[in-house]
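A.B. asks: return a 3D structure for these sequence lines:
(one chain, ligands or ions: 1)
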Amino acid sequence: MAEELIKLGFEYLVISDHSKAAAYAGGLTEERITEQHKYIDSLNKKFHPFKIFKSIECDILGDGTLDYDNAVLSSFDLVITSIHSNLDMDEDKAMMRLMGAINNPYTIILGHMTGRLLLTRKGYPIDHKAIIDACAKNNVVIEINAAPKRLDIDWRWIDYAIEKGLMLSINPDAHSLEEFEYIKYGTLVAQKGALPTSRNLSSYSLREFENFLAETKKKKGIL
Ligand SMILES: [Zn+2]
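C.D. replies: Predicted coordinates:
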């Protein structure tokens, strides 16, 4: 994936496997995370100045806690948190889980906020304003999941997120080289929501992205 992005002219890659609760999707155990981090270190030497960031798409569990303890969470450059299980919830339950993740200082990006799959599955019901307000308060970036079946956060909420001072990030959710193309759909969603470049984390250069991570972690008290 790094080689493909270097070819395409990108400066960095945020590699975010699933976490251990998502065993059905190859979610990483703590041991495999350690192995992966070593491998990323060696690739970063090989591909320098291109950089691979150590990330994880960490499951938000049924009680709103995250799928690893803090020692493991602190080993990543950044953590994306998402809900993948028990999607059939009422709004109270969905909000409890999402708020648990947003209030956890290790959450840098909130992934596919409603869990919707277009033409297949409605998202679980959430109070968008309350979620966006909480993300603003806790310095959490909201993902624009660019996979065409997701496009989640819905573009109609982008202007409210901008108004509240949030950063968003166009993430392809790529599970294969071909799926890097999804970036274009996320970009169209962002343009439809009039997202300026300055509020799009995924438009940041390598240097800007590193600085953003450092500053955000400082604000959240995890650096
Ligand atoms: Zn996901």
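A.B. asks: where do the strands sit along this protein?
C.D. replies: 12-18, 51-59, 78-82, 107-110, 141-145, 168-171 (DSSP state E).
A.B. asks: ok, and for stretch 48-68, which residues are buried?
C.D. replies: Buried residues in stretch 48-68, counting neighbours by 16 or more other C-beta atoms under 10 Å, are found at 50-61, 64, 66-68. Where you see a C-beta, it was placed from the backbone N, CA and C, and this is true even at glycine.
A.B. asks: what's the model's confidence in that stretch, averaged?
C.D. replies: For stretch 48-68, the mean pLDDT works out to 98.
A.B. asks: repeat for stretch 162-177
C.D. replies: Stretch 162-177 comes out with an average pLDDT of 97.
A.B. asks: okay, among the buried residues of stretch 48-68, which ones form the most distant pair?
C.D. replies: F50 and G64 (36.0 Å; C-beta to C-beta).
A.B. asks: low-confidence ranges in the protein?
C.D. replies: Within the chain, no range satisfies pLDDT under 70.
A.B. asks: looking at it, which helix is longest?
C.D. replies: For the chain, the helix with the greatest residue count under DSSP state H is helix 30-47.
A.B. asks: the helices in the chain, which residues?
C.D. replies: According to DSSP H, the chain carries its helices in the segments 2-8, 30-47, 70-73, 91-103, 128-137, 158-163, 183-192, 206-220.
A.B. asks: who are the packing partners of the second one?
C.D. replies: If I follow you right, that is helix 30-47. helix 2-8, strand 12-18, strand 51-59 (3 or more C-beta pairs under 8 Å, 6 or more residues apart in numbering; DSSP states H and E).
A.B. asks: cool, the first one as well?
C.D. replies: Helix 2-8 sits against strand 12-18, helix 30-47, with contacts defined as 3+ C-beta pairs under 8 Å, 6+ apart.
A.B. asks: let's see 7 Å
C.D. replies: Applying 3 or more C-beta pairs under 7 Å, 6 or more residues apart in numbering; DSSP states H and E, one finds that helix 2-8 contacts helix 30-47.
A.B. asks: just send the helices of the chain back as JSON lines, with distance to S19 and mean neighbour count too.
C.D. replies: Listed next are the helices of the chain as JSON lines, based on distance: least, C-beta to C-beta, whole Å; neighbours: other C-beta atoms under 10 Å:
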{"stretch": "helix 2-8", "distance to S19": "21", "mean neighbour count": "14"}
{"stretch": "helix 30-47", "distance to S19": "9", "mean neighbour count": "13"}
{"stretch": "helix 70-73", "distance to S19": "9", "mean neighbour count": "15"}
{"stretch": "helix 91-103", "distance to S19": "12", "mean neighbour count": "19"}
{"stretch": "helix 128-137", "distance to S19": "20", "mean neighbour count": "17"}
{"stretch": "helix 158-163", "distance to S19": "25", "mean neighbour count": "17"}
{"stretch": "helix 183-192", "distance to S19": "23", "mean neighbour count": "17"}
{"stretch": "helix 206-220", "distance to S19": "19", "mean neighbour count": "14"}
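A.B. asks: out of those, which comes closest to L117?
C.D. replies: Among the helices of the chain, helix 183-192 sits nearest to L117 (C-beta to C-beta), with 14.3 Å.
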